[in-house]
Every structure is written in C-alpha cells, then in structure tokens.
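**Q** output the structure for:
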Amino acid sequence: MVRRTAVILDLSVSITLTTVLVIEQAVRASPESSTLVGSIALAIVIGGSLAFHRLWPLASYAVGSAALITQALWADFSAIAPYANLVGLFSLGVYGSRRRALWGPVILIPGLIAYFTGASEPFGVLTITAFGAWFAAWAVGFQMARSREQSDRAREASRHEAIAEERVRIARELHDVVGHTVNVMLVQAGASRLMIDRDPSTAKAMLGDMENTARQALDELDTLLGILHDDVEPATPMGLGELPALRDRLSAVGLELELDIVPRTLPPPVDVVAYRIVQEALTNSLRHGKASRATVRVAGTETLTIDVSDNGHSSGHYLPGRGLRGMSERVELFDGSLQHWRDAHGFHIHAELTLA
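**A** Predicted coordinates for the structure are as follows:
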C-alpha cells in the first residue's frame, strides 16, 4: 500500500504541474482561439494523470500520453507537457510490474511519431534525441525497480534462513532440556520402583529428587518459551556455572561426576553452548552407556576445549543420533570441531570452540 506521505507528494506534484500547464495554455492562446477550452481540458488530464502514477503507473502513462498526442494533433502545442509525460514514463519503469513496465517503449514509439507530427517538427535529430532521452528515463526506472526486487528477494531469503536457523536452535534447546530431564526421571522412577518395597524411605527420597528434576525442567522450559515469546535473552542463561547442580542431579541417579573446570568468564552464547554439550554428553552416558562414572574437563584461552569421558559399556558400534548431531551443529557456530569415539574404557567426546 502506498504510504500517505507518498500520496500527498504525488497530489502536490500533480496539482502544481496542472496549474502550470493551464496557465501556459491560457497565456499562449489568442483571444479568438477556438481550442482554448480543449487545450485546458487536455492540460488538466496530462497533469492530473500524475496524481496516480505510483498507484497505477501504466494507466497513468497511457492516459497522459493519449492526452499529450491529442493536444499536439488537434489543440495548441505545449512546451511543458512532454516533461510531464517523461515523469509518467519514468514512473512506469519504477513502479510498474515487470510485464506492465515493458509497455513503456511500446507506447513511446507511436506516441513520439504522433506528437512530432502534430507539432510540425521534422523527423530528424530532435526526434532521435527525444526518443533517446525518454527511453533512457524508462530504462533507468526499470533497472531501479529490478534492483529493488532483487534486494527484496535477498531480504526475504535472509529472513527465511534466519527463521530456519531459529527453528534449529529451538529444536536443539528443547531436545537438550526435555531429553536430559526425561532420561534422568526415567532412571529415578526405575530406581524408586525397585526400592519402594525394600526401602520405602530411600524410594521416597528418590521420588522427591524426581519431583525436583521435573520442576527444574519446567523452569528451563518456561525460560525458553519466554525467550521465544518476548524475543529477549534470559537474565541468567544456562552456563558452565550450572554444572555443579547438574552433577548433584546425576549423582542422585547413580552417575558420579568429576568436574575439572578452569575458571574463566565466557561470552554468554559460548557459555550456553558449552553447558549444553556437556549436558547432552552426560545424558548419553546415562542413557546409552549405562555409565556409573564420568569426567568433565573444560579449559582453554583462545580455543575452549571440552572433554567428557565415561565408563559406559554400550556397543562399540554406534551411529550418531540427534544428540551428537546437535553437538556438531553447536560447535560449528563457533568454527569448532567435535570428535567422539568408544574404546575399552568407555565413551569419549572432545569438542573445541574458537573464542578469539
């Protein structure tokens, strides 16, 4: 939709030009001229057609051209009206669709021939010069419109790419939060079921731990959904500082965790990614490897290295699942790398994130 300011500007230009054209015809006409009324009417049409040159550029140019040709053939010649037509042709190139804009040169050629016939001008250098000038005006407008379309397409492509990246990010976050929590709760529920008859007090404590785990997951999900709704980052995002709490939760379900974290302040995006990599690696240790011990080491200056090892005993042959693929996507955000392998001692993950 054309903005109100543009409409006001077009009306102002149209009214001003119409006034000038009417005054021109009134001054040039002789007292006994029988074409004065017709010339003034055509001048009003020529100037008035520019009032909608942005909304309906093809109709504006066609109406203005028809009035200009009529004026040149059967009424008084105008020295100003052709420039109004030039504005209309330029506007057709700028504001018309690709298909409609191509009507500009089609209308231009017969229009020039009719105009110079009515103006009693020889078909020579002046005609060629006028055609060159008018065609150049249309070509400049046409190219401007195509450049604008290309920029719009580029912006739209960037917008779709950003949306796709955001969807991937959201999917990773949801996978990490839900996947980790559900796996921990499954272990807690299974242990509670086995202990409820033999040791009710221990089973009760495990159920309490499971409740706390669920509550923490709900808090994380609420924070994540708040980011999506408000488009702002949380005041206290997840980071390596949350690893002691994660250690306590995992310890409650039988995974003893040793932390070796070299203290340093990390940018929030890196801090979140590092935490999620460790969280996902330990979730895999608990779920797939049935590990009882794991070690996490984080260090580095220009490159942050993350090493997670466990004593799991799952099959030596494995295919990277959604979790490992998610880790790879995360490290790629920081020009990093991810390696994972299994040996006789357990499963190992080595990630590097570029900080400098």
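**Q** state the mean pLDDT of the host helix or strand of L186.
**A** If you go by DSSP states H and E, L186 is part of helix 125-195. Taken as a whole, helix 125-195 has an average pLDDT of 76.
**Q** then stretch 19-39?
**A** Mean predicted confidence for stretch 19-39 is 73.
**Q** same deal with stretch 100-112?
**A** Mean predicted lDDT for stretch 100-112 stands at 85.
**Q** just give the number of residues close to E352.
**A** When neighbours are counted by other Cβ atoms under 10 Å, E352 registers 18. For glycine as for every other residue, the C-beta is placed from the backbone atoms N, C-alpha and C.
**Q** does it belong to a helix, a strand or coil?
**A** Taking DSSP: H, G, I helix; E, B strand; the rest coil as the rule, one finds E352 in the strand state.
**Q** which residues does it contact?
**A** G300, T303, L304, T305, I306, V331, G336, S337, L338 (Cβ atoms under 8 Å, 6 or more residues apart in numbering).
**Q** now do L126
**A** L126 makes contact with F116, according to Cβ under 8 Å, 6+ apart.
**Q** now R247
**A** Neighbour list for R247: L257, L259 [criterion: Cβ under 8 Å, 6+ apart].
**Q** which helix or strand contains it?
**A** Short version, using DSSP H and E: R247 is in helix 243-252.
**Q** residues near M185, how many?
**A** M185 has 17 neighbours, counted by other Cβ under 10 Å.
**Q** what of the one 4 residues further on?
**A** By other Cβ under 10 Å, the residues close to A189 number 14.
**Q** tell me the buried residues in stretch 322-340?
**A** Buried residues in stretch 322-340, defined by neighbour count with 16 or more other Cβ atoms under 10 Å: G323, L324, G326, M327, S328, E329, R330, V331, F334, G336, L338, H340.
**Q** now, these that are in strands?
**A** Mapping the buried residues of stretch 322-340 onto strands (DSSP state E) picks out L338, H340.
**Q** ok, of the buried residues of stretch 322-340, which one's closest to G111?
**A** Taking Cβ to Cβ as the measure, G111 lies nearest E329 of those, at 59.7 Å.
**Q** returning to that earlier point: out of the buried residues of stretch 322-340, which is nearest to Q216?
**A** Of all the buried residues of stretch 322-340, the one with the least separation from Q216 (Cβ to Cβ) is G323, at 19.4 Å.
**Q** list the helices and strands the helix or strand harbouring I107 packs on?
**A** Applying DSSP H and E as the criterion places I107 in helix 103-118. Applying 3 or more Cβ pairs under 8 Å, 6 or more residues apart in numbering; DSSP states H and E, one finds that helix 103-118 contacts helix 57-74, helix 81-95, helix 125-195.
**Q** turn the ones you listed into a markdown table, including distance to L243.
**A** Output for those, formatted as a markdown table (distance: least, Cβ to Cβ, whole Å):
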| stretch | distance to L243 |
| --- | --- |
| helix 57-74 | 63 |
| helix 81-95 | 59 |
| helix 125-195 | 13 |
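**Q** R287: which of the ones you listed is closest?
**A** Closest to R287 of these is helix 125-195 (Cβ to Cβ; 4.6 Å).
**Q** just to revisit the earlier point, next secondary structure element downstream of the helix holding R247?
**A** strand 256-261.
**Q** relative to helix 243-252, how tilted is that following strand?
**A** Put simply, strand 256-261 runs at 170 degrees to helix 243-252, going by axes from the mean of the first three to the mean of the last three Cα atoms, to 10 degrees.
**Q** now do the buried residues in strand 256-261.
**A** L257, I261.
**Q** report the mean per-residue pLDDT for the next helix or strand after it.
**A** Where DSSP H and E defines the elements, the next helix or strand beyond strand 256-261 is helix 268-287. Helix 268-287 shows a mean pLDDT of 84.
**Q** now for helix 268-287, which elements pack on it?
**A** Applying 3+ Cβ pairs under 8 Å, 6+ apart, we find helix 268-287 packed against helix 125-195, helix 243-252, strand 293-299, strand 303-310, helix 322-332, strand 346-354.
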